[in-house]
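1. take this sequence and fold it.
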Amino acid sequence: MALSDPLGDMLTRIRNGQMARLSVVVCPWSTLREAVLVALKAEGYIRGFVKKDLPGNKAVLEIQLKYTDGAGAIRQIDRVSKPGRRVYKKVKDMPRFYNGLGVLLVSTPRGILTDRAAREANVGGEVLCRVY
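-> Numbering: from 1, shown residues only. Just a heads-up that it's a prediction; the model follows:
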């Protein structure tokens, strides 16, 4: 069965894994998912991730979730731009999530960037998700 929103599926797996207090969550690999995980790791929301190759030319990502004082490092993770309704923002119109405490991940011509990095690079793009 094909997924209509692979990134949304990964975010849901992370959200469900943290609610179940899992240490590792597994999801199928894609370039977009890997780029989002690189940004999440750089911001300190996950401990890390590993790409593992499986037989049959398939690959999976093992995401290591992060907990601080028994609570998940990610309090909220939501998909903003969905397949049925894409959300694009110019750099001037890009909102601040939780007054700058949260992070927006934006798909720009320079790759997947956080909202702060996109403002510094003066580029807009598709707002993929928001994390707090």
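2. tell me where the model's unsure across this protein.
-> 1-2 (pLDDT under 70).
3. and the helices in it?
-> Remark: helices assigned in the chain by DSSP state H are 6-19, 31-43, 115-121.
4. ok, the residue nearest the centre of the chain - contacts?
-> Nearest residue to the geometric centre of the chain (CA atoms, centre = their mean): residue 36, 4.3 Å. Taking CB atoms under 8 Å, 6 or more residues apart in numbering, we find residue 36 in contact with 7, 10, 105, 112, 128, 129. Just so you know, the C-beta spots here come from the backbone N, C-alpha and C atoms, and that holds for glycine as well.
5. hmm, the third one is touching residue 37, no?
-> No - with contact taken as CB atoms under 8 Å, residue 105 and residue 37 are classed as non-touching, separated by 10.3 Å.
6. more crowded one of these two?
-> Shown here are residue 105 and residue 37; by other CB atoms under 10 Å, residue 105 has more neighbours (26 against 22).
7. next, work out how far apart the closest residue in space to that one that isn't next to it in sequence and residue 11 are.
-> Nearest residue to residue 105, sequence neighbours excluded (CB to CB, 6 or more residues apart in numbering): residue 128, at 4.7 Å. Separation of residue 128 from residue 11 (CB to CB, to the nearest Å) stands at 9 Å.
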